[in-house]
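Engineer: coordinates only, sequence not included:
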């Protein structure tokens, strides 16, 4: 059992179910997730993955504060990069090309940013739920590698499809929770 998975799992749960409540949490969690998920396809050691994740989270937080005017674009972009990293991991479980990874993740981040800037909190809830759910799956896979390792590195089309279904189910649940939270704050 890899206990580092529990930290990733906790960040994923917070991002998935409460990301829309705190922009700082969403920014740091998304940055952390990007750093963590980018290291996964390359089999980075725990200290390396943790260092990259924390650095990415801190850089994301600093950049979000610096770029306050386009905060929603930035948060949506970060969460979009988390989604892109997860999708890349599902489509290229053996690592794939680093250049393709960077381009794919950047494109997903840009799209996530545009959608979030346009549709504001509704889109933020969706991208936070998807990004947080990606972290939940990675955390579970790290914490329980024997029974749930396929959630991190699917070994075929069936496992990739199952991982996608689980990811979307967790994200859907997180989105529903955040939607209720938004409805309560708007009253």
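Structural biologist: Looks like it arrived, so ask away. Keep in mind that this is a model prediction, so the values were computed, not measured.

Engineer: Check the protein and tell me which residue is nearest its centre.
Structural biologist: Centroid check for the chain by C-alpha atoms, centre = their mean gives residue 131 as the closest residue, at 2.9 Å.

Engineer: can you give me the helices for this structure?
Structural biologist: Ranges of helices in the chain, per DSSP state H, are 4-18, 23-39, 46-66, 71-91, 98-143, 145-148, 157-186.

Engineer: Measure how the fourth one sits relative to helix 98-143, angle-wise.
Structural biologist: What it means is helix 71-91. 80 degrees (axes from the mean of the first three to the mean of the last three C-alpha atoms, to 10 degrees).

Engineer: which helices and strands sit right next to helix 71-91?
Structural biologist: In terms of contacts (3 or more C-beta pairs under 8 Å, 6 or more residues apart in numbering; DSSP states H and E), helix 71-91 is packed against helix 23-39, helix 46-66, helix 98-143, helix 157-186. In short, each C-beta sits where N, CA and C put it, glycine included.

Engineer: Mind checking these for the one nearest to residue 78?
Structural biologist: Closest to residue 78 of those, according to C-beta to C-beta: helix 23-39, at 3.6 Å.

Engineer: Return the list of helices and strands in contact with the closest one.
Structural biologist: With contacts taken as 3+ C-beta pairs under 8 Å, 6+ apart, helix 23-39 sits against helix 4-18, helix 46-66, helix 71-91, helix 98-143.

Engineer: follow-up on the earlier one: so the residue nearest to the centre of the chain touches residue 31, yeah?
Structural biologist: No: Residue 131 lies out of contact with residue 31 (C-beta atoms under 8 Å); the separation is 10.4 Å.

Engineer: Can you list the low-confidence ranges for the protein?
Structural biologist: 1-4, 20, 68-69, 93, 95, 186-187 (pLDDT under 70).

Engineer: hang on, the earlier thing: of all the helices and strands packed on helix 23-39, which gets the most neighbours per residue?
Structural biologist: Of the helices and strands packed on helix 23-39, the one with the most neighbours on average (mean count of other C-beta atoms under 10 Å) is helix 71-91, at a mean of 25.

Engineer: where's that one relative to the chain centroid, distance-wise?
Structural biologist: Distance of helix 71-91 from its chain centroid, counting by C-alpha atoms, centre = their mean, to the nearest Å, is 6 Å.

Engineer: Quick check on residue 144: phi, psi?
Structural biologist: The phi/psi pair for residue 144 (degrees, to the nearest 10) reads phi -130, psi 70.

Engineer: TSV for the helices and strands packed on helix 23-39, including distance to residue 24?
Structural biologist: TSV is the format used below for these (distance: least, C-beta to C-beta, whole Å):
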stretch	distance to residue 24
helix 4-18	11
helix 46-66	7
helix 71-91	10
helix 98-143	12
